[in-house]
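[1] Provided below are the primary sequence and the corresponding predicted coordinates.
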Amino acid sequence: MKIFVIMKRTFDTEEKISLNKGKIDQSGATFIINPYDEYAIEEAILLRDQHGGEVTVVTVGDEDSEKELRTALAMGADKAVLINSEDIEELDQFTTATLLGTYLKSQEYDIILGGNVASDGGTGQVGPRVAEMLSIPQVTTITTLEIADGKATIIRDVEGDEETIQVSLPVLVTAQQGLNEPRYPSLPGIMKAKKKPLETIDLDDLDLEEEDVEAKTSTVQVFLPSAKKAGKVLEGDDTASQVKKLVSLLMSEAKVI
């Protein structure tokens, strides 16, 4: 079975984000594999172990993204591909999907997995856009995946409920939390990852020009959420006095009554 995973490098979800001149300050920031993509990588490895074949992880980024690709290899993926985007001024979902889709068009695949959303942008567009480019079915927010006889039986999350779908391969799916429990790279896995193939390709390799992948959207403004004011602890010997104090504050400070 030929299995591909589309992966994104994102800020550590525990990272404190700061801005510099209207842009996110990346100096000293810690980057990780997008958490939703970890579910996709884990599921790809489980499918390979069950059905045989190989897992290839693909990402769009600069040479710094090799670290996250090596992490995916240490988890158990067989190959990694970096589509170098250093020469592209600005990337959006169209750009990323076009690069990934163009590469995948030249490959043989049975299933493509990705995360439901990226923890930084959260648009959930790249996976569906790639499926559209490849003219293959897509199923998003999956929580269960079984493959047999050339078909995938999938359970997907639909806003608090579940939907069961059966679809013929090839198919692209995006992973939701609950699909599995991603493994941590083991020490032997980390050592093996150093010897696994990691290929770097660029626009010329894909027969693309910069105008072919020019972003269709632009970021107008980036800003941090407003700082929350500290709450107040109501003092008083009993509930009645606390309620009286609360009503007074709602009238004098909050001015909501």
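    All right, it came through fine.
[2] just confirm residue 80 contacts residue 201, I think it does.
    No. Counting by C-beta atoms under 8 Å, residue 80 does not reach residue 201; the two are 11.5 Å apart. C-betas here are computed from N, CA, C, even on glycine.
[3] in terms of neighbours, single out the busier of those two.
    residue 80 (26 against 14; other C-beta atoms under 10 Å).
[4] for residue 165, which non-adjacent residue is spatially closest?
    Using C-beta to C-beta, 6 or more residues apart in numbering and skipping residues adjacent in sequence, the residue nearest residue 165 is residue 154, 4.8 Å away.
[5] what do you get for residue 92?
    The spatial neighbour of residue 92 that comes closest, neighbours along the chain excluded (C-beta to C-beta, 6+ apart), is residue 215 at 4.1 Å.
[6] got it, and residue 51?
    Beyond its immediate neighbours in the sequence, the residue positioned closest to residue 51 (C-beta to C-beta, 6+ apart) is residue 1, lying 4.6 Å away.
[7] can you check residue 95 too?
    For residue 95, ignoring the flanking residues on the chain, the nearest one in space by C-beta to C-beta, 6+ apart is residue 213 at 4.7 Å.
[8] same question for residue 117.
    Beyond its immediate neighbours in the sequence, the residue positioned closest to residue 117 (C-beta to C-beta, 6+ apart) is residue 124, lying 4.3 Å away.
[9] the one you found against residue 116, yeah?
    Yes. Assessed by C-beta under 8 Å, residue 124 is found in contact with residue 116 at 6.0 Å.
[10] so for those two, which sits in the more crowded spot?
    Neighbour count, other C-beta under 10 Å: between residue 124 and residue 116, residue 116 has more, with 23 against 17.
[11] count the residues that sit near the residue lying closest to that one once chain neighbours are set aside.
    Distances taken as C-beta to C-beta, 6+ apart put residue 174 closest to residue 116, at 4.5 Å, once the chain neighbours are dropped. Burial of residue 174 is recorded as 27 neighbouring residues (other C-beta under 10 Å).
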